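In: Sequence and computational prediction follow.
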Amino acid sequence: MKDVRVAQPSMRRRRAASTTAIYALLVVSTIVMVAPWLWTLSTSFKRSQDVFSPDSGIIPSPFSLHAYGRIFTETSFGTYAMNSVIVTVCVVALNILFDSCAAYAFAKLRFPGRNVLFWLLMVTMMIPMQVNLIPLYRMMVWANRYFSWFGVDTLAGIIAPGIVQVFGIFLMRQFFLSIPDSMLEAARLDGASELQILRRIVLPIAAPGLATLTIFTFLDTWNDFLWPLIVSSSESTRTLPVGLALLARKNSVDWPGTMAGAVVTAVPMVIIFLLAQRQFIDGLTAGSTKE
């Protein structure tokens, strides 16, 4: 009994030390990840001459909004932002539509070669996007010869390659597999078509999956840099990541303006995640039923 009493305080001390070490590691990791964002936010509210001044701290002094006004009045940043909104909204909406329809077919419909076709799609996920850039660009050049609104240097040309994503099909298929077939059979017996079943039964049940797909697609499209850089060649079709890179390509870098652009670019992503974080977490933990 005495040995047990002696061992208990020792176990508590070890447990407390372990907990303290874990929290210390988490605090250090948080500081490492947050510090660049704090510097970015702080620099965006500084004057150019104060950015690297020895007397300049993390808190801007004096506090200035000039950089935010400058990027919208002296550059085409407003056009870039509008283009990013248009491209992102279109890609997200079309992904939800096409990925859900394809995923429903692979999960709940029976047709010859279903599994073979699905695994062929999975194989394409191993092919890097960079491998497809030249063929895609040549296709856009060809399309622009016949349709002026489509192809190179058009928003439609930026949107087109992203309207269907294999990852989205795979993600939604996993959610649809968790829905009982008996529920769908009952709807078919009542005379519902496959589109009605998808719209009225399957999609409402798979709402966490749709939220997850929306967030992933939004972040991927909003941050996409390489494809818009290749396709767009004028101010009227450039998106925010491309425009932000152009701000830093001058002879003298406008650090407050560049950091203000980075903050403006990041704000929509933060808002979307904060609004949908519960659905996002539910989506990551749901839909894991095995076929």
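Out: Thanks, I have the structure now.

In: Show me what stretch 146-166 is in contact with.
Out: Stretch 146-166 is contacted from outside by 83, 86-87, 90-91, 94-95, 98-99, 102, 121-122, 124-125, 132, 136-137, 140-145, 217, 220-221, 224, 227-228, 231-234, 237, 239, using C-beta atoms under 8 Å, 6 or more residues apart in numbering. Any C-beta I mention is one placed from the backbone N, CA and C, and that applies to glycine too.

In: State the next helix or strand along the chain beyond the longest helix anywhere in the chain.
Out: Determined from DSSP state H, the single longest helix within the chain is helix 2-44. Counting by DSSP states H and E, the next helix or strand C-terminal to helix 2-44 is helix 66-73.

In: mind checking pLDDT for F167?
Out: pLDDT, F167: 91.

In: Give me the angle between the longest helix of the chain and helix 66-73.
Out: Angle of helix 2-44 versus helix 66-73, following axes from the mean of the first three to the mean of the last three C-alpha atoms, to 10 degrees, is 60 degrees.

In: Kindly give a single ChimeraX line that selects the buried subset of the contacts of stretch 146-166.
Out: In ChimeraX, this line selects whichever of those come out buried by 16 or more other C-beta atoms under 10 Å:
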select :83,87,90,91,94,95,99,102,121,136,137,140,143,144,217,220,221,224,227,228,231,232,237,239
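
In: residues in contact with I272?
Out: 215, 218-219.

In: hang on, T212 packs against G168?
Out: No: at 9.6 Å, T212 does not count as touching G168 under the criterion of C-beta atoms under 8 Å.

In: which stretch of helix or strand covers A187?
Out: helix 181-189.

In: packing partners for the helix or strand following that helix?
Out: Heading C-terminal from helix 181-189, the first helix or strand you meet, by DSSP H and E, is helix 194-197. Where contact means 3 or more C-beta pairs under 8 Å, 6 or more residues apart in numbering; DSSP states H and E, helix 194-197 is packed against helix 181-189.

In: What residues sit buried inside the helix it packs on?
Out: Within helix 181-189, the residues that count as buried by 16+ other C-beta under 10 Å are 184, 187.

In: can you pull the contacts of the nearest residue to A81 once chain neighbours are set aside?
Out: Sequence neighbours aside, L240 is the residue nearest to A81 in space, at 5.8 Å (criterion: C-beta to C-beta, 6 or more residues apart in numbering). Each residue near L240 by C-beta under 8 Å, 6+ apart is listed here: 77, 80-81, 83-84, 222, 261, 264-265.

In: and L240, what pLDDT?
Out: L240 is assigned 91 on the pLDDT scale.

In: contacts for stretch 61-75?
Out: Contacts with stretch 61-75, where a contact means C-beta under 8 Å, 6+ apart, come from 44-47, 50, 77-78, 243, 247, 254, 256-257, 259-261, 264.

In: next one: stretch 103-122
Out: Under C-beta under 8 Å, 6+ apart, the answer for stretch 103-122 is 166, 168-173, 175-177, 179, 181, 184, 194, 198, 202.

In: Would you mind measuring the gap between the ends of it?
Out: Start and end residues of stretch 103-122 are separated by 12 Å (C-alpha to C-alpha, to the nearest Å).

In: go on, stretch 155-175?
Out: From start residue to end residue, stretch 155-175 stretches across 32 Å - C-alpha to C-alpha.

In: for stretch 43-59, same thing?
Out: Stretch 43-59: ends 9 Å apart by C-alpha to C-alpha.

In: Show residues contacting stretch 185-197.
Out: By C-beta under 8 Å, 6+ apart, the residues outside stretch 185-197 that reach it are 104, 109, 184, 200-201.

In: What about those residues, which are in helices?
Out: Using DSSP H, the subset of these located in helices is 104, 184.

In: Flag the shaky bits of the chain, pLDDT-wise.
Out: Applying pLDDT under 70 to the chain flags the ranges 1-9, 248-252, 277, 279-291.

In: In contact with the spatially most central residue of it, which residues?
Out: Computing the C-alpha centroid of the chain and ranking residues by C-alpha atoms, centre = their mean puts L219 first, at 1.5 Å. For L219, the contact set (C-beta under 8 Å, 6+ apart) comprises 269, 272.
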